[in-house]
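A.B. asks: Okay, sequence plus prediction incoming.
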Amino acid sequence: MLRAIVLGAGGRMGGRIVATIAKTDGIELAFAVENEGDQSLGKDAGEIAGIGKNGVLIVSNLSSVIGAGDVVIDFTHHSASVKNVAIAADAGKPIIVGTTGFSAEELNSIKEATQRTKCVIAPNMSVGVNLMFKVLEMVAGILGDDYDVEIMEVHHNLKKDAPSGTAMRMAQVIANALQRDLEDAGVYQRRGMIGERTKKEIGIQTLRAGDIIGEHTVLFAGNSERLELTHRAHSRDNFARGAVRAAKWIINQENGMYDMQDVLGLK
């Protein structure tokens, strides 16, 4: 039985991961961890997740419990995730990271740490979204420069980073397929007399409203036609299922950095 340690267990995503583990064969919750001072500390992780008591109390120190787990699942904050990956690497434990908002320097730190452990890091753990990444690569490569590309993402009003990590990953996949530099091609807002749209632009637009879990639409618009690809998340359970699937997959891999494309065999 695979024993998992869930970080951010008091949050929305952490709770769904705890609940998903409880109904998934071959994996169980070993420990649940939250930040020092969080109101969920000392409480039963199952109760916080809404599935009833499971006997696992939420603690605040990953280092003190990491030896009891086989794999760590982290949905916290990008600054905390960098530290958690380092702790996992020191202990030789694999880690799944679903956090977004990393800087280039933070990603480099994680990559260095994966010389000592194995890590799946992805801005979106959804199976459907990761299949969409693959489809976008194919579509962009076929349509080429004759079609304008716009990405629209919508999330709940509590989301702190923008654009979403998923939207940025979509933009990078498309930019690579079109052989464009996203730093130059990315356009994140438009206002005033901006002139005609250039052929190299990849628009990435952000909306925040209500309790929308996540919606991403990619528009390919040419003369006389357009193609729209949309993924809508109906609940956070699809992200949780992907994270648990990644946790079961990574156990048998070599040290290194992976993403959900590796987990799903899409590379």
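C.D. replies: Received it, and whenever you're ready, just let me know what you need. Numbers count the residues shown, from 1 in each chain.

A.B. asks: all helices for the stretch 151-267 of the chain, in order.
C.D. replies: 165-177, 182-185, 237-250, 260-263 (DSSP state H, counting those that start in this stretch).

A.B. asks: okay, these in CSV with mean pLDDT next?
C.D. replies: Listed next are the helices of the stretch 151-267 of the chain as CSV, based on pLDDT from 0 to 100:
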stretch, mean pLDDT
helix 165-177, 96
helix 182-185, 96
helix 237-250, 95
helix 260-263, 94
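
A.B. asks: Serialize those to a markdown table and add fields for distance to T20 and mean neighbour count.
C.D. replies: C-beta coordinates here come from the backbone N, C-alpha and C atoms, glycine included. Listed next are the helices of the stretch 151-267 of the chain as a markdown table, based on distance: least, C-beta to C-beta, whole Å; neighbours: other C-beta atoms under 10 Å:
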| stretch | distance to T20 | mean neighbour count |
| --- | --- | --- |
| helix 165-177 | 19 | 21 |
| helix 182-185 | 33 | 13 |
| helix 237-250 | 4 | 22 |
| helix 260-263 | 15 | 21 |
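
A.B. asks: Which one of these lies nearest to K159?
C.D. replies: Among these, the nearest to K159 by C-beta to C-beta is helix 165-177 (10.4 Å).

A.B. asks: Dump that closest one to CSV, keeping only the CA atoms.
C.D. replies: Extracted in CSV, the C-alpha atoms of helix 165-177 (Å, rounded to 0.1, in the frame of the first residue of the first chain):
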residue,chain,number,x,y,z
GLY,A,165,-0.5,28.4,-15.1
THR,A,166,-2.7,26.3,-17.4
ALA,A,167,-3.2,29.2,-19.8
MET,A,168,0.5,29.9,-19.8
ARG,A,169,1.3,26.3,-20.5
MET,A,170,-1.2,26.3,-23.4
ALA,A,171,0.4,29.5,-24.8
GLN,A,172,3.9,27.9,-24.6
VAL,A,173,2.8,24.7,-26.3
ILE,A,174,1.3,26.8,-29.1
ALA,A,175,4.3,29.1,-29.4
ASN,A,176,6.7,26.1,-29.6
ALA,A,177,4.5,24.5,-32.4
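
A.B. asks: Pull the residues that contact that helix.
C.D. replies: Residues from elsewhere that reach helix 165-177, judged by C-beta atoms under 8 Å, 6 or more residues apart in numbering: 100-101, 123-124, 129, 132-133, 136-138, 140-141, 149, 151, 153, 163, 181-182, 185-186, 202, 204, 206, 214, 216, 218.

A.B. asks: now do stretch 48-67
C.D. replies: Counting by C-beta under 8 Å, 6+ apart, 5, 7, 9-10, 14-16, 18-19, 22, 29-36, 38, 40-47, 72, 84, 87-88, 91, 93 sit against stretch 48-67.

A.B. asks: from these, which would you call buried?
C.D. replies: 5, 7, 9-10, 14-16, 18-19, 22, 29-34, 38, 40-41, 43-47, 72, 84, 87-88, 91, 93 (16 or more other C-beta atoms under 10 Å).

A.B. asks: that older thread, export the helices of the stretch 151-267 of the chain to TSV and append columns for distance to T198.
C.D. replies: Shown next, in TSV, are those (distance: least, C-beta to C-beta, whole Å):
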stretch	distance to T198
helix 165-177	14
helix 182-185	9
helix 237-250	35
helix 260-263	30
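
A.B. asks: coming back round to it: what about burial for the contacts of helix 165-177, which qualify?
C.D. replies: Buried, going by 16+ other C-beta under 10 Å: 100-101, 123-124, 129, 132-133, 136-137, 140, 149, 151, 153, 163, 182, 185-186, 202, 204, 206, 214, 216, 218, out of the contacts of helix 165-177.

A.B. asks: Going along the chain, name the strands of the chain.
C.D. replies: 2-7, 27-33, 58-59, 71-74, 95-97, 118-121, 148-155, 186-187, 202-208, 215-222, 225-232, 256-258 (DSSP state E).

A.B. asks: hey, which of those strands is tucked in deepest?
C.D. replies: Highest mean neighbour count of the strands of the chain: strand 95-97, a mean of 30 (counted as mean count of other C-beta atoms under 10 Å).
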